[in-house]
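> this one's structure only:
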Ligand SMILES: Nc1ncnc2c1ncn2[C@@H]1O[C@H](COP(=O)(O)OP(=O)(O)OP(=O)(O)O)[C@@H](O)[C@H]1O
Ligand SMILES: Nc1ncnc2c1ncn2[C@@H]1O[C@H](COP(=O)(O)OP(=O)(O)OP(=O)(O)O)[C@@H](O)[C@H]1O
Ligand SMILES: CC(C)C[C@H](N)C(=O)O
Ligand SMILES: [Mg+2]
Ligand SMILES: [Mg+2]
């Protein structure tokens, strides 16, 4: 079962030595920049909530990237990836509690490594079973194993802590140079460091023989067998590596939330990472990063703003699948040649129209959904509500009228916008092609 | 010296129907051998049995004297046998270069390594580029293989097959669906890349066959009805009847020219 | 100014209807407090947070609430969640001196919370499971017809405690009673209880003791009815949303309930009636989470005393506080922050408008108070070693 | 001059980048057998696929003066065009009988069916023997027969046959030739795609030769026999 | 004995409901190769529609109308959703339905709130049907069995008497060829998808009030249905039938058995105490591991026999 992204997984192949040197320089620059951003972000957005948001983004990025090692690079669609992050987390939390109890000493900063090893261990165990099959069968087995682990979580309270899960305290031992991991800010920086390292490691992996063969297996498992590779073995190894990184994410989540429950291995988590990865774009390395950031924004920021966040997320996801199966990253990649040919400016007008139309439609959608939610879900204490600063009564006629108007206008704009974009796009494409010839 | 490839009483059933009805074939090292026969005769199936894609129901297949019948494809490949496919079978989302580099990795001993940086592997890069040059696809080095024209894909198909440097090569209808000029080019390509190697190929195009092959085997309904030099085959009456004969008489003329 | 209170409980899922009713109770009592100015100034506002009965989510919400500057946390559904919150709150208070939170627990009744795991910032307004079980078994022991008892509980700390304590107490009080079953089922997951029902049926039990609540009890009762189980049910939570409807006429005289309050207890104070009627009028729903009244009363009193809503002062004031609640005089025992209050045992019977004034969910059936156990009698010793910040 | 049944004009078809059909003009009249010759891979099958709407194309394809290019495949089939693919697209999981059953279809322009499953079995007794065996395990030849019969069950007025003799034993090849003429006798027109010149020239009224995506020769079998130069350049190896 | 009979009946009735539910999924999968993650959502829709209608004009009309509504929903989804995604391959289709499940659940919450809705058994079907010794077997359960069996029959007829079944199987491997024989494959696609949805909807109508009608009902049955389909063999109705009954009985009876490995050991004189290694594992009673058994079954099945009980092909 191959992922349906129409875009090549960018083959960052090294060409003539000089070119490769330039590339690797560029790469260092990119990583440096990423590090810088991670460093300054919490300074731009102080405040506990922002920190919490950033921390969870960091964790989700690792998780999504590890998932994409399977989906994007090896074409393995897994519905149970959470068991690796989750079980890794459980291992980590037990270790942390032991440390807390003083049974042995181990720096909290390296706890994610424990999680990673835990994840990898279960990767070895379950992976052996799951990776013997590929395609749909693989997907189903992962689903089954995921559910099985989740269901059995309540059966082994010693390990999973039953309904209550296992709480812990990340502040153990005495602070090293003032780092106790009490303050959320310190935890964020720990996550940031691990996130950066994991990203680099996982990117580096895509540039190794195994990484490339994984792509080959994704594209054409049969042929891979005829160039000397045991596809089953390839899938197994990738699964273990991916489980390792998932485990790191789990270990970090332990430090961040200080509790691990059976949900950590549950289908919701597994589904979430799939959503995030797909939305971001599994065909490009950095796709899942975008996806993770968006997903956390949805799940945290949006969920604290509106009860309808799952609706928005689901809608967004479905539309993506239907119209942008390559994910957001693919949209960006599409622009690359234009930028290279310095023709992107030709697209700007039509794009901006499209953007405008999109915003109107979005406004219409949000207004409608929010009114309905207000009426349907918490009208117990009155139907008065405020949206974007406007206060109004959801039960009254006016907001509906506004919504309807927005829909009409937005719809019309959208139609023109789409055709405009298409025309501009074709024009530019032919230009580039002509220039090439 | 042992034959490069030796089939002994090989049979294959699919459910009720027996497709291969006992093939005996011995191909010495360095020979260019052609396997011809009507559609559905079992040529591709024979290739599948040799290359490990499917397992013989009975009989033995030896590669350089080693029994390979029933081994998985990758095992057979590691023993130095490489094949191409009748229906193009490439890594369509990887660039042409990556296709070839993947094909050389195992033979260079990098196996499942995730501690080497591809960019740092000069030998892999150079081997891949060399093959690229031989199949004349430098122009499209970094194009996504899926976007190549049919003929280019066929060339890449051959490239992937020879890249690993295997010394026994199986080509299944390498020129299928190529225009005449493309065909001629393909023939030259095959001739050069299989220099000093053992080649077994399935081909419908008599021109190609008589042009390339040292020896020819005619497979009809799962049995080899004749094996011999091109001339011997051309003048073999049973072959006339069973295969060549069914096409227009001018075909022999065509073959003879 | 207004003092915000974060209500962290399930507002969706199988237990959603339960949480919804509980949230309304809190908000309603808060309104009453505001109208009658219990706090002597500050207004109380209860904000609902949906935790899907998940401990993990509850902790995230805890932080979210804290970020919004909310200092009072209310939770009840599930000791699983409760214990996680108790830990988290005390951790939070350690790390954020000057920003302390207080956890007002109105229903999570795992005894550990006020014993081994007790914490200074946690206050329990429900009677803990052991107290209830003591009372329940004492009452049950008096009934000579009870021969075979079946225990069925949710598979988590609270459920396990109910089962263990029941066995222990029964052995002590009625050695002759035989325990014919001791089942645990997953919390808030089971859709079809008929297998359990037929199991109870098969065991020939004449009495069932269960700590189940919400849908887990409603479905159990429904299934038992379908399977023709005629045993008496001694429950902790028969009045919780959905259960009364499920019991209907079939449950009459069969279902008993141990709690800290009986709506139809003769000696109830007048404002009880006002609250029931007012609540029914506003939400067309039954008011049964009486702990919300006690808790808000005590919180207001503390705020009034200390002239501040600072949790540190309030917590201090709450220790050992006495107040008049709907079930009489109650005391927040300083030793373990476990409210000392009378316990009530009632039976599900036909409402007649005078003795049984209040029915539930319009079934025409309501609770007849059989026995009231004074606070002193209901009280149990504690093992809590309270660590107080100085 | 019998009326034209199928008229193909300026047909262009692509597979991705490769331009397969580069403006093909072909026509088939009522009740005649027309053969389309050409080397492997010149695009004959593609043309057949294009006519039945399996491959996107530009140009014009008219059936009974009705433009059918761009129509959905099943609509075209229901108009009375039958298609026998080259790669024996039998339904492997279904039995021979079921395969035939799926082919069965009433021809809107005719009250009674031209033939029934019984006729088919009469035509190829071998099929009758294998009636209840899954088609997947049939020999290549049997599969070929089945494909032909399955299409005939749909009672078409025009039938496109792509290399029906592919993989058939010589004697069955001649058999097929006879049956094609039998079809003609029953008023069915045939567009035959072949490599084996022999039967093609025997049974068809007109012959097209395709090369490089164009029609490079049109004429009677006799004319083609006479034209060695065309044969050499476009057919032989 | 009495207990056994009742449990058997419960198990079968539950199993039949499962089959009603999973048959639709199997149908859709076997024809379109689409693993419909939103299938359980149609089950939920069925229940909610029925609840809404039953509230207005009674249960019996609802029994007919609700599934029809679900058919419409299913058809729309196929026409305007799946068909667009089809060209991107099966993964995209699967992910589409995956997202759809979220959407439907949210929509339901919007329309009917997050809490459980009081969708009740009609009075005429409430109460016991017959007695087994002292236990009673409720009418409604019998009714569920009846409906399921009738549907099963109807489906069997449509699939065997008409050519739809053949078209389905053929189109799975050679869609284009089927079209070339004059069958409108796309329409059959839509029919089948809508039909499958309808089956789920019907299951919802009769299951919703027997159990619980809540937004969570989809996700709770969702995975079990997949288990059925996989165990039975992808795309095999017969397999689905057997698997449904198997799992129905498994879940019913597992609850009843309190024996644990520890007891087994005790038979052989080995006594597990709380100090024994992994004591908690040995002490687990069958009734406690009941929830896992189906998944265990599924995983084992996928490993030893990936085609499932009666499946004809892998994946
Ligand atoms: N997996 C299979 N199951 C059943 N029958 C098969 C299978 N594979 C091939 N066959 C049958 O075996 C016969 C030989 O097939 P094969 O592909 O070897 O022919 P071929 O000689 O390669 O013909 P061509 O020249 O068309 O490639 C065919 O009739 C085919 O239907
Ligand atoms: N699906 C496809 N994608 C890309 N190219 C194709 C496809 N099918 C056919 N081709 C190419 O298009 C050209 C014409 O194919 P076609 O099958 O029409 O040839 P043909 O004339 O029928 O020859 P033959 O049937 O004898 O092989 C060939 O070069 C073939 O390789
Ligand atoms: C809401 C209450 C029924 C919760 C239950 N008493 C518990 O402690 O878990
Ligand atoms: Mg072949
Ligand atoms: Mg062809």
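Thanks, I have it. Everything numeric here is computed off the predicted structure, so don't read it as measured data. Residues are numbered from 1 along each chain as shown, chains lettered A, B, ... in the order given. Ligands and ions are numbered 1, 2, ... in the order given.
> what's the closest non-adjacent residue to residue C:313?
Nearest residue to residue C:313 in three dimensions, chain neighbours excluded: residue C:306, at 4.1 Å (C-beta to C-beta, 6 or more residues apart in numbering or on different chains). For every residue, glycine as well, the C-beta is placed using N, CA and C.
> next: residue D:199.
Per C-beta to C-beta, 6+ apart, closest to residue D:199 is residue D:177, 4.1 Å.
> quick revisit: so the residue nearest to residue C:313 versus residue C:105, what's the distance?
21 Å (C-beta to C-beta, to the nearest Å).
> mind telling me what element residue 23 is part of?
By default, I'm working from chain A. helix A:17-44 (DSSP states H and E).
> not what I meant, chain E
helix E:2-32.
> does chain D sit close to that helix?
No. Shown here: helix E:2-32 not in contact with chain D (C-beta under 8 Å from any C-beta of the partner chain), separated by at least 10.6 Å.
> mind listing what's buried in that helix?
Neighbour counts over helix E:2-32 (16 or more other C-beta atoms under 10 Å in any protein chain shown) mark E:3, E:6-7, E:9-32 as buried.
> what about whichever residue of chain C sits closest to ligand 2, neighbour count?
Scanning chain C for proximity to ligand 2 using C-beta to the nearest ligand atom identifies residue C:191 as nearest, at 50.0 Å. Residue C:191 has 17 neighbouring residues, counting by other C-beta atoms under 10 Å in any protein chain shown.
> just want the most central residue of chain B.
residue B:171 (1.5 Å; C-alpha atoms, centre = their mean).
> picking up where we left off before, buried sites along the helix holding residue A:23?
Within helix A:17-44, the residues scored as buried using 16+ other C-beta under 10 Å are A:20, A:34-35, A:38, A:41-42.
> then stretch D:75-83?
D:76-83.
> and it, average pLDDT?
The average pLDDT within stretch D:75-83 is 92.
> quick one on the thing from earlier: any part of the helix holding residue A:23 near chain C?
No. Helix A:17-44 does not reach chain C (C-beta under 8 Å from any C-beta); its nearest approach is 14.7 Å.
> output the contacting helices and strands for that helix.
Here helix A:17-44 touches helix A:48-68, helix A:184-206, going by 3 or more C-beta pairs under 8 Å, 6 or more residues apart in numbering or on different chains; DSSP states H and E.
> ok, back up a step: does the residue of chain C closest to ligand 2 really touch residue E:220, like I thought?
Yes. Residue C:191 lies in contact with residue E:220 (C-beta atoms under 8 Å); the separation is 6.4 Å.
> hang on, residue E:32 packs against residue E:192?
Yes. Assessed by C-beta under 8 Å, residue E:32 is found in contact with residue E:192 at 6.8 Å.
> where does the residue nearest to residue C:313 land on pLDDT?
pLDDT at residue C:306 comes out at 94.
> identify the residues contacting it.
C:313-314, C:316-317 (C-beta atoms under 8 Å, 6 or more residues apart in numbering or on different chains).
> okay if I get these as a markdown table plus pLDDT and neighbour count?
As requested, these are exported to a markdown table (pLDDT from 0 to 100; neighbours: other C-beta atoms under 10 Å in any protein chain shown):
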| residue | pLDDT | neighbour count |
| --- | --- | --- |
| C:313 | 95 | 15 |
| C:314 | 95 | 24 |
| C:316 | 95 | 17 |
| C:317 | 95 | 19 |
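> which of those lies closest to ligand 4?
Set against ligand 4, the nearest of the contacts of residue C:306 by C-beta to the ion is residue C:314 (85.3 Å).
> is it fair to say that closest one lies in a strand?
No. Assessed with DSSP: H, G, I helix; E, B strand; the rest coil, residue C:314 is helix; it does not lie in a strand.
> which ones are touching it?
Taking C-beta under 8 Å, 6+ apart, we find residue C:314 in contact with C:102, C:299, C:302-303, C:306, C:308.
> center of chain D - which residue?
Centre-most residue of chain D, counting by C-alpha atoms, centre = their mean: residue D:161, 1.6 Å.
> SS state for that one?
Per three-state DSSP, residue D:161 ends up strand.
> wait, it sits on residue D:86?
No. Residue D:161 lies out of contact with residue D:86 (C-beta under 8 Å); the separation is 9.0 Å.
> any residues in contact with both of these two?
By C-beta under 8 Å, 6+ apart, the residues touching both residue D:161 and residue D:86 are residue D:193.
> nearest spatial neighbour of residue B:113, skipping sequence neighbours?
residue A:209 (4.7 Å).
> please apply the same query to residue B:182.
In space, residue B:182 is closest to residue B:151, 4.6 Å off (C-beta to C-beta, 6+ apart).
> give me the phi and psi for the one you found.
Main-chain torsions, residue B:151, degrees, to the nearest 10: phi -60, psi -40.
> hmm, the helix holding residue E:23 touching chain A?
No. Helix E:2-32 is not in contact with chain A by C-beta under 8 Å from any C-beta; minimum separation 9.2 Å.
> next, the closest residue to the residue of chain C closest to ligand 2 other than its chain neighbours: secondary structure please.
Spatial nearest neighbour of residue C:191, excluding adjacent residues (C-beta to C-beta, 6+ apart): residue E:211 at 4.3 Å. At residue E:211 the chain is in coil, as set by three-state DSSP.
> and if you look at residue C:143?
coil.
> and it, how far is that from ligand 3?
To ligand 3, residue C:143 is 24 Å away according to C-beta to the nearest ligand atom, to the nearest Å.
> kindly report the same for residue C:138.
On the measure of C-beta to the nearest ligand atom, residue C:138 and ligand 3 end up 20 Å apart.
> quick check: chain neighbours aside, which residue is closest to the residue in the stretch 1-150 of chain E that chain D sits nearest to?
Closest to chain D within the stretch 1-150 of chain E is residue E:30: 10.6 Å, counting by C-beta to the nearest C-beta. Distances taken as C-beta to C-beta, 6+ apart put residue E:235 closest to residue E:30, at 2.9 Å, once the chain neighbours are dropped.
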